[in-house]
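Participant: just need the structure, nothing else, for what follows:
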Amino acid sequence: KYLNTANRYLESIVTALREFDGDLQTVSGRDEAYYWNPIIKTVEPLNHAHTAGNTFVVLYDITKKEEYRKKAEQLGRYFKSAITTEDNGAYVWGYAPTPENMTKHVPEYIWKGQITILFPIQLNEDMMLFNDEDMKHFSETFLNNICLGPNKFNRYITSKKKKPLCSYKKYKTLTRGLAGWIFLDKYDSRIRDIIEEAVANRHDIFPGGWFQDTNIALAYAHRLSRLN
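Facilitator: Numbers count the residues shown, from 1 in each chain. Predicted coordinates:
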C-alpha cells in the first residue's frame, strides 16, 4: 500500500546524500573516510558525519548496495582510529579528529556524544566493525565518566575533564542530550535506570519530563521497548 511513498522517500534520501559525495574524503593509506566542510575548510565533527553514517547503514539494509556498506565502514573505521581507552575501560574520543591528529583533542560534550554513539550502535546491530565488547566500553563511558553519582553528571565524556552538568543558560537545551545515552541500555541496563531517575529528579535539566522535546521523546519511545 505504501510502496510508492516508501520509494519516494528513499529516492529523496539518496539524492540528499549525493549532494555531499564530494565532501566525503578518504584517508591516504587507510581505508577510512571523513567529511570535509568546504565552506569553513575543516573536518566535520564526528556527530555530523555519523548522522550520514547511520543513513548509509540503513540504505545498505534496504538496497544491499555495496556502495553504502563501504561508506559506512570507512566512516566507522575513521571513528575507531579516534577512540582511546581510559584506565576505567571507557572509550573516549575528540569532537572533530583530523587525519593528521586522531586522538589529541578535547573530549566531546555529552550532548554531541549522544549522536556520535548512535552510529557504532547501528554498526554493531548490523554486524559491521563494532561488537558487543565495544558496546561495553561505550557503556563504561556513561557509567564511569558521565555519571558522577546519584543525579550528578559530567558535561564531557572523559574522566579527566569534569564539569558538572547543570541548566546554565548557555547549555539550557543541550543538557537534555543526557537522555540520548539510554540507547546503550541494551548492553548495560543500569544506564536506563540512571537516566529514568534523572528525568524524574533533575527538573532543571528536564523541566518537561520525557516530552520536553523531540529527542527526549525518542529516548522515551526507546524506554518503552523491552530489554533483552
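Participant: longest single strand anywhere in this protein?
Facilitator: Secondary structure of the chain per DSSP state E: the longest strand is strand 33-37.
Participant: which residues are in contact with that strand?
Facilitator: Outside strand 33-37, the residues that touch it by Cβ atoms under 8 Å, 6 or more residues apart in numbering are 20, 23-27, 42-44, 48-49, 52, 71, 74-75, 77-78, 99. To be clear about C-beta, it is placed using only N, CA and C from the backbone, and glycine gets the same treatment.
Participant: separate out the buried members of those.
Facilitator: The neighbour-count test (16 or more other Cβ atoms under 10 Å) marks 24-25, 27, 43-44, 48-49, 52, 71, 74-75, 77-78, 99 as buried among those.
Participant: list the buried ones in the worst-scoring helix or strand of the chain on mean pLDDT?
Facilitator: Every helix and strand in the chain was compared by mean pLDDT, DSSP states H and E; the lowest is helix 214-223, with a mean of 91. Neighbour-count burial for helix 214-223 flags 215-216, 219-220, 223 (criterion: 16+ other Cβ under 10 Å).
Participant: turn the residues you listed into TSV, columns for distance to residue 176.
Facilitator: Compiled in TSV, these are given as follows (distance: Cβ to Cβ, whole Å):
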residue	distance to residue 176
215	7
216	6
219	9
220	12
223	14
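Participant: Three-state assignment for residue 57, please.
Facilitator: helix (DSSP: H, G, I helix; E, B strand; the rest coil).
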